[in-house]
Structure formats: structure tokens, C-alpha cells
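Chemist: Here's my sequence, what's the structure:
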Amino acid sequence: MELGTVIATQDGPSPFGFSFIVRDGVKVGLNRFVKVEVEGEWLFGHVTNVVRTNRYFERPDAVWEYERGGGLRAVFPTEMWGYSIASVRAVGVWKDGVLRRPVFPPAPGQVVHDLAEEELKAVLGLDEGGLEIGTMDERGMAVRLNPTRLLQKHLAILAMSGAGKSNCARVLVEELLRRGRGRPALVIFDVHGEYSDLASSFRGRVRAVRAEDVRIGVPEMTIWHFREFLPEMSGSQARDLSQILAELRSQLRTFGMEDVIERLRENERVNRNVRAALEGWLSDLQSLGIFGREEWPRWEEMKPGTAVIVDMGRITSLTKKQILLTYIADRLFLLRRKGLIPPTVLVVEEAHTFAPTESAISKHVLETIAREGRKFFMSLVVISQRPVRLSATLLSQTSTNMILRITNPYDLEHIKRSSEMMSGEMIDTIPGLAVGEALVVGEAVNFPIFVRIRRSPTASSGSSFEEAAEIYELSVRSSERLMVETSEQSSSFSMDSGGSTRSSTYSSITADRSM
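Modeler: As a prediction, the model looks like this:
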């Protein structure tokens, strides 16, 4: 379809962009993709702005004067002189199936065309067999992203609270679980207990485990784990502990943290002050209740197309959460490097609490996977509502960003500094995004696109603040009613028992008297 005609302006047309007058009866909005012929090839562009103008309304003093007397529309045919001008940023020239950098500008007077759906998919790098995350433009075209391009070099989902980031992540998880081929394994670190119901929607493929039931197998731990969990430990203390671990492994098949502490107490070779400090730290670890003689679940049992959800919703200790994530992520990365488990995707909710800008127990392992994971097909999906608190090293390693609405200027500035993909123009569009609308930029697409993320069919609708308060009140009333009924039944039983006892006693006395 023909959309309009290229016009000459003060700064264009140029190889970097152009403007065109929109034809009557044609609607052209922001973010639409268009094409124009240049030197026998198609130059593709992206509408960045649309201005509506009318020559009759250019002079404010004239408009004001005529409005006093009934208005311009009553005197002149103003509708005939209204038109729209669209500004286009050049994306590239499509040649031999590749989008190349434009070299020549379009000529004024050239006709601007709309793109057919298949043509648009090819230009943007969409994949018909990919993960369907939502729709784009006024036609509602389905957006399907290639899983390799999206995940191999890691993905960040960033949004303010309530903008739809968890639904976006859930849609991706569901798409990966539904795939018939090329299925990775998934491990989801579920901080708020939002994913556990997937176990009922994908029976046999999704397993939800409570984080407090997870056990870190002490025999599987190396001195690296102890140093990560106990950053205060010195090099000499680490050497003493490493020797104790080696002795236990050579003498026992399995052992727990209590065995390590006991062996430390018995070891006279270790300096008494060093021994006391180590014993205190190891006792602190033991008190967390997450260390055992054997690992559970067995992470080497991960299978393609399955997911394990680690539900951390009941855990309040940040240290415990970080230790669990550190061990699990490191264990999976080791198994993946050895080829013992399938390619794996780690989904990390509230990533800024596990890899903050400051130091943290779990920060090192996540940054390591971010740097080296793609070589071994271990991918990260990091989700955060406070990008400014998220490690810049981690964020810079995510080659694709899905950014939903963010209004905090510090978060926006941090995204801009951490990601070379983000221009100032893109950053300016983010505060205006609707709930559930995302800017997808990076490796997964040839050009940034705006996507309306579809609603997850397995997600619950959730409760409003008032509904939650009402549900709580009903549950309290129900509990109180049950307590009253139980109390009344108890009283009735006591009275019956007492009457029976008194009757028996009376009968006994009467019998004695008669004897």
C-alpha cells in the first residue's frame, strides 16, 4: 500500500532518514515500518514522529481573531488544507537477505510504501517457529523470537512494579515448555511464589520445590563454596578447612556440617583462635538449616523440556536465599560444563537482590555465568524492578533487553550507561509505555520493536488490595465461627460426661446403702 510521498526538508532526505507527507485517507502512527525505493533497492525505515499541520492555523493572531467571529471553519475550507508529516529513521537496505547500512538517500517525490507482514518479519529477524511473546503494530502481527538469538547471550527483563515483567517472564517460560524440539531445561528462582502453580498446568514437566526443603550436599561443596558463603574467611583459614574436608572425603562416604565442625574441634594442628572463628562461622551456616549429608533435589537429573521452580516465598533471610542460589547456579554450571545436563536457562526474579551493585554472596556466580555461560549453553534471564541497583557488569552482558514501563530517572540512566544498545531516543519512550507493553532491543531482533506482551493463559488474575482485605476478614470470621462451634461441642461433651459420672456415682452409693 502507498502511504505518502517523500518531501525535501532542511535536513533531508539523507541516508539516515527522511520525511513524507501522508496521503489522504491513510493512517500512519508511531513505530510503523515503511520502505522507499533508493537506487533500485528498498530502504527500510521506522516512523519516529508524526506531525499534523494546517496552513490556516499557522498564525495564532489570525486564528484568535476569526474565533471571535465564529471561527475559521465557518469562513474557509480548513479541512482541505490539513495534512500529516511523518518523520522516518532509516533502518537499512535489504539486500540478499541481509539488512545493510544505507549509503544513498531517497529522492524527494519518491513514493513511500507499507510493508507486507512477511516482509516485515524478515526485516526484523522474527522467526515463524520461535517463541510467541505478543503482538505489534495496528495489524496485531504476532511476534515470535528465535530462542537462540533471545537466550544464548542472556536476557534482561526490566520494569517498574506492576508494569508486567512477571507476566512477560511467565510467557517465555510457557513457550519454552511447550516447544516440541530444541527444549532446554529451566530452573526458576521464584522469590515471591508466583510460578508454583505452573506445576499443575504442566504436570510431569514442572516441579515446584520449597526453598526451605532444598538441601546443599556438604560432600559436594568445595572450599570455593565455603569462601563464597563466608567472605570473612582468610586464606590460611581456608587452607585449614580445605585439609579437614579432604580428610572427611577420604574417610567417610557422606558427611554433614556437624561432622565438619566436630572434626575441626578435634584438630589440634589448627590454631585455637583460628579454630574458634571457623567453628563460629560454620555453626552460623548450620543454623540456616539448608545443609545436609546429601543434595536435594538431585540437579544432575534435569531433563530437556522440564522445569524446577525454587519457591523462596516463605524465606525471609536474604543470606539464605543468596547461598541457595549460589550453590544451585554453580552446581548447574558445573554439570553443564561437563555435558551432564541439557542446555539450561536460569530465571532469576528480583535479580538486583542477588547481584546488586555492591558486594553480595551470589553476585560472583551470576556474573561468571553471564560472562562464560554462552560457551556452554547456560543462559540467564534476569528480572528486576530496580535496574539502578543491578550489577552493571551483569546488565552489560545481557545481549537482549525487554524493557517495560520505567519512570524512575535513575533506573533509566543506569540502563543507558550499562547497555550500548540503548540510545537516548529509546530511553525517552520507556516512561510512556502502557502496562504490558515492552521495548525489545538487542540480539533477538534486527531493530528495536514495541511489543504488546500477551497475557499468560495459566496466570491467575490476582486480587486487588480491597479484595485481599475482604478475603482476610472472611477467613478470620470463619476461623472464629469454627472456634465457637468447637468450644460449644466441647462444653456439651463435658456436661454429658459429667452427668453420666454423677449418675454412676449416685447408683453406686444407693447400692452400698441397700447392702
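Chemist: use CA for all of it now, contacts and neighbours both
Modeler: Noted.
Chemist: His154 against Ser399, yeah?
Modeler: Yes - checked against CA atoms under 8 Å, the pair His154 and Ser399 is within contact range at 5.9 Å.
Chemist: Okay, Asp190 and Val382: tell me how far apart.
Modeler: According to CA to CA, to the nearest Å, Asp190 and Val382 sit 12 Å apart.
Chemist: Please identify which of His154 and Ser399 sits among more neighbours.
Modeler: More crowded of His154 and Ser399, by other CA atoms under 10 Å: His154, with 28 against 21.
Chemist: what is in contact with His154 and Ser399 at once?
Modeler: Applying CA atoms under 8 Å, 6 or more residues apart in numbering, one finds that no residue jointly contacts His154 and Ser399.
Chemist: Low-confidence ranges, the stretch 51-200 of the chain, go.
Modeler: Scanning the stretch 51-200 of the chain for pLDDT under 70 picks out the ranges 56, 61-79.
Chemist: redo that, cut-off 50
Modeler: Residues of the stretch 51-200 of the chain meeting the criterion pLDDT under 50: none.
Chemist: which residues of it fall in helices?
Modeler: Here the stretch 51-200 of the chain has its helices, by DSSP state H, counting those that start in this stretch, at 60-68, 117-124, 147-151, 165-178, 198-201.
Chemist: now for the ones you listed, which one comes closest to Leu285?
Modeler: Leu285 sits nearest to helix 198-201 of all the helices of the stretch 51-200 of the chain, at 30.7 Å, using CA to CA.
Chemist: With only the CA atoms kept, save the closest one in CSV.
Modeler: What follows is helix 198-201, C-alpha atoms only, in CSV (Å, rounded to 0.1, in the frame of the first residue of the first chain):
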residue,chain,number,x,y,z
LEU,A,198,2.8,-23.9,36.7
ALA,A,199,3.3,-27.4,38.2
SER,A,200,-0.4,-28.1,37.9
SER,A,201,-0.6,-26.6,34.3
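Chemist: packing partners for it?
Modeler: Applying 3 or more CA pairs under 8 Å, 6 or more residues apart in numbering; DSSP states H and E, one finds that helix 198-201 contacts strand 206-210.
Chemist: please redo it, this time with the cut-off set to 10 Å
Modeler: helix 165-178, strand 206-210, strand 307-311 (3 or more CA pairs under 10 Å, 6 or more residues apart in numbering; DSSP states H and E).
Chemist: now the ones you listed in TSV, with mean neighbour count and distance to Asp127?
Modeler: Shown next, in TSV, are the helices and strands packed on helix 198-201 (neighbours: other CA atoms under 10 Å; distance: least, CA to CA, whole Å):
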stretch	mean neighbour count	distance to Asp127
helix 165-178	21	14
strand 206-210	18	26
strand 307-311	24	24
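Chemist: of all the ones you listed, which lies closest to Phe229?
Modeler: Minimum separation from Phe229 across the helices and strands packed on helix 198-201 (CA to CA) falls at strand 307-311, 19.3 Å.
Chemist: Just the CA trace of the closest one, in CSV.
Modeler: Output of strand 307-311 as CSV, limited to C-alpha atoms (Å, rounded to 0.1, in the frame of the first residue of the first chain):
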residue,chain,number,x,y,z
ALA,A,307,11.5,-27.0,34.9
VAL,A,308,12.3,-26.8,38.6
ILE,A,309,10.7,-23.9,40.5
VAL,A,310,12.6,-23.0,43.6
ASP,A,311,9.9,-21.3,45.6
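Chemist: tilt between that strand and strand 206-210?
Modeler: Orientation of strand 307-311 against strand 206-210 (axes from the mean of the first three to the mean of the last three CA atoms, to 10 degrees) gives an angle of 20 degrees.
Chemist: out of the helices of the stretch 51-200 of the chain, nearest to Leu439?
Modeler: helix 165-178 (11.8 Å).
Chemist: tell me the contacts of Phe189?
Modeler: By CA atoms under 10 Å, 6 or more residues apart in numbering, the contact set of Phe189 is 195, 211, 308-313, 321, 324-325, 328-329, 346-351.
Chemist: hang on, the earlier thing: can you pull the residues that touch both of Asp190 and Val382?
Modeler: Counting by CA under 10 Å, 6+ apart, the shared contacts of Asp190 and Val382 are 347-350.
Chemist: Now intersect the residues you listed with the strands, please.
Modeler: 347-348 (DSSP state E).
Chemist: which one of the shared contacts of Asp190 and Val382 is nearest Gly432?
Modeler: Glu350 (23.0 Å).
Chemist: who's the closest residue in space to that closest one that isn't next to it in sequence bridged to?
Modeler: Nearest-residue entry for Glu350: Ser384, 4.9 Å, with adjacent residues in sequence omitted and distances by CA to CA, 6 or more residues apart in numbering. Per DSSP bridges, the residues bridged to Ser384 are Leu158.
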